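**Student:** Mind looking at a prediction? Sequence and model below.
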Amino acid sequence: MGNRARNDINYSYNALIWVNEKRDRKMGFESIIGQDHVVKQLKRSIVSGEANHALLFLGQESVGKRMTAIAYAKALNCLDENSRKEGDFCDNCRSCQLISLMQHPDVRLLTPETTGDKTVISIDAIRAKSGEAPPHPLPLREDVALKPLEGRTKVYIIDPANRPGLQEEAGNALLLTLEEPPKNVVIILISSRPNYVLPTLVSRCHPIKFNLIRTDKILTKVMEESEDEVEAKIISSIANGKLGFALDMAKNPHLLALRKELTNEIFRLTPVETGAAITLGAITRDIASRVELYERENESADRKVRRNLPIVFDMILSIWRDLLVLKEEGSNKHILNIDLTDEMEELARKYSTEKIYAAMDAVNRTKRYIERNSNIDLTLENMWSDIL
């Protein structure tokens, strides 16, 4: 793996591969928060020696699916005998540390960035086409046939395993490998869009469902990153069960400032005539362009905006989710944006329940359009037109 890809991984999964440098940090599967049922299954499979060779991790974004996949790869290859007996990993041995850095020769993470394409995982990552050089020394379908170089089990993590991230022809190329994987191979597919995973892939994998994480558990983690208790409570609330989102916010204070700027403009401009859609679309794009989470080399301005828009969409969705709570419960007891209670109550008086549902549908629909490389400016303008 080249330096650029390694750099991308270290930054892109900072919120998921969370390494707390404190001496008392949790080790092994204890570091997986709020997914006890998943951890129990995975540990049991290791202890029994009956690990599934094809797994499908399903659940919303930022709930720890990728972190758990990497933890499972560590447990399958950990060198510490006591940890192995418990189906766990030590996180200190050479194998665990190499996997943390994604430098272990028997563990591969296939994403659009690591396979040489910033938009999709192409078929070249799965099988080489005639006359073309694959982006990795060996495509997955050839690599699985080889014995592990250093560990006990070869682990392949594919994220996302749904369209459009995983091209349909690439997914089809996986089928034979999923049907008859070698004994020492585990393939983990990850998806937050189960309806967009090829049915033929789903049928060949053992599904594991990840839950949203309780706010109190998220708050405990966020408090390790933030010394401001009020700020930590706000972050944990608006994360709405997504630990990765909360950690990004906690580790990058500028995100809270951008959120405040965005919400101020939303409250100022909604609801009004559709002429404000262009303005709000431009504001949304500008906010996404100023999100600074991960380093990318030679990334275009459009690509950066497209990559960061999901974070902004989550901020927007949290507003309309709170409006719905205010409408249906008549109380602000369960709203997420606890620092914006007055503004929320004022806006809720101006929106019907039907209009709130339509706004949330518009944001979720726009998420999918952006993933499919639709025109950013036009798509954002249309979204705000629907919301207004």
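**Tutor:** Noted; the coordinates are in hand. Residues are numbered from 1 along each chain as shown.
**Student:** Which SSE is immediately downstream of the lowest-mean-pLDDT helix or strand in the chain?
**Tutor:** Least confident helix or strand, the chain: helix 3-12 with a mean of 40, by mean pLDDT, DSSP states H and E. Using DSSP states H and E, the helix or strand that follows helix 3-12 towards the C-terminus is helix 36-48.
**Student:** so how far is that following helix off the chain centroid?
**Tutor:** 22 Å (CA atoms, centre = their mean, to the nearest Å).
**Student:** Which positions within that helix qualify as buried?
**Tutor:** Of the residues in helix 36-48, those buried under the neighbour-count criterion (16 or more other CB atoms under 10 Å) are Val38, Val39, Leu42, Lys43, Ser45, Ile46. All C-beta spots, glycine's among them, are computed from the backbone N, C-alpha and C.
**Student:** hey, where'd the strands end up in the chain?
**Tutor:** Using DSSP state E, the strands of the chain run over residues 54-58, 107-110, 154-158, 185-191, 206-209.
**Student:** want to throw the ones you listed into JSON lines with distance to Val305, mean pLDDT and mean neighbour count?
**Tutor:** JSON lines is the format used below for the strands of the chain (distance: least, CB to CB, whole Å; pLDDT from 0 to 100; neighbours: other CB atoms under 10 Å):
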{"stretch": "strand 54-58", "distance to Val305": "28", "mean pLDDT": "96", "mean neighbour count": "22"}
{"stretch": "strand 107-110", "distance to Val305": "24", "mean pLDDT": "92", "mean neighbour count": "24"}
{"stretch": "strand 154-158", "distance to Val305": "25", "mean pLDDT": "95", "mean neighbour count": "26"}
{"stretch": "strand 185-191", "distance to Val305": "24", "mean pLDDT": "95", "mean neighbour count": "25"}
{"stretch": "strand 206-209", "distance to Val305": "32", "mean pLDDT": "95", "mean neighbour count": "15"}
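**Student:** and Leu280, which of those strands is closest to it?
**Tutor:** strand 185-191 (30.5 Å; CB to CB).
**Student:** Now do that closest one against strand 54-58, angle only.
**Tutor:** The directions of strand 185-191 and strand 54-58 differ by 20 degrees, with axes from the mean of the first three to the mean of the last three CA atoms, to 10 degrees as the criterion.
**Student:** Tell me how far Glu371 lies from Thr379.
**Tutor:** Counting by CB to CB, to the nearest Å, the gap between Glu371 and Thr379 amounts to 11 Å.
**Student:** cool, and Thr270?
**Tutor:** The spacing between Thr270 and Thr379, counted by CB to CB, is 18 Å.
**Student:** Between those two, point out the one with more neighbours.
**Tutor:** Taking Thr270 and Thr379 together and counting by other CB atoms under 10 Å, Thr379 has the greater number of neighbours (20 against 17).
**Student:** Would you agree that one is in contact with Ile370?
**Tutor:** Yes: checked against CB atoms under 8 Å, the pair Thr379 and Ile370 is within contact range at 6.2 Å.
**Student:** Next, count neighbours for the nearest residue to Pro181 once chain neighbours are set aside.
**Tutor:** Nearest residue to Pro181 in three dimensions, chain neighbours excluded: His53, at 4.3 Å (CB to CB, 6 or more residues apart in numbering). Per other CB under 10 Å, the neighbour tally for His53 reads 21.
**Student:** Going by neighbour count, which residues in stretch 320-333 are buried?
**Tutor:** Residues of stretch 320-333 classed as buried by neighbour count (16+ other CB under 10 Å): Trp320, Arg321, Asp322, Leu323, Leu324, Val325, Leu326, Lys327, Asn332.
**Student:** what's the neighbour count on the nearest residue to the fifth one once chain neighbours are set aside?
**Tutor:** Think Leu324. Of all residues beyond its chain neighbours, the one nearest Leu324 is Ile356 (4.9 Å), with distances taken as CB to CB, 6+ apart. Other residues lying near Ile356 total 23 when counted by other CB under 10 Å.
**Student:** what about Ile356, distance to Ala69?
**Tutor:** Separation of Ile356 from Ala69 (CB to CB) stands at 35 Å.
**Student:** How about Thr177?
**Tutor:** 17 Å.
**Student:** before we move on, what about Thr111?
**Tutor:** Using CB to CB, Thr111 is found at 12 Å from Ala69.
**Student:** so what sits against both of the two?
**Tutor:** In terms of CB atoms under 8 Å, 6 or more residues apart in numbering, Thr111 and Ala69 are both contacted by the residues Asp159.
**Student:** quick one, longest helix in the chain?
**Tutor:** What stands out as the longest helix in the chain, according to DSSP state H, is helix 301-329.
**Student:** now that helix: mean pLDDT?
**Tutor:** When the per-residue pLDDT values of helix 301-329 are averaged, the result is 90.
**Student:** counting contacts, what elements does that helix pack onto?
**Tutor:** Using 3 or more CB pairs under 8 Å, 6 or more residues apart in numbering; DSSP states H and E as the contact criterion, the secondary-structure elements in contact with helix 301-329 are helix 243-251, helix 254-269, helix 276-289, helix 341-348, helix 353-371, helix 376-387.
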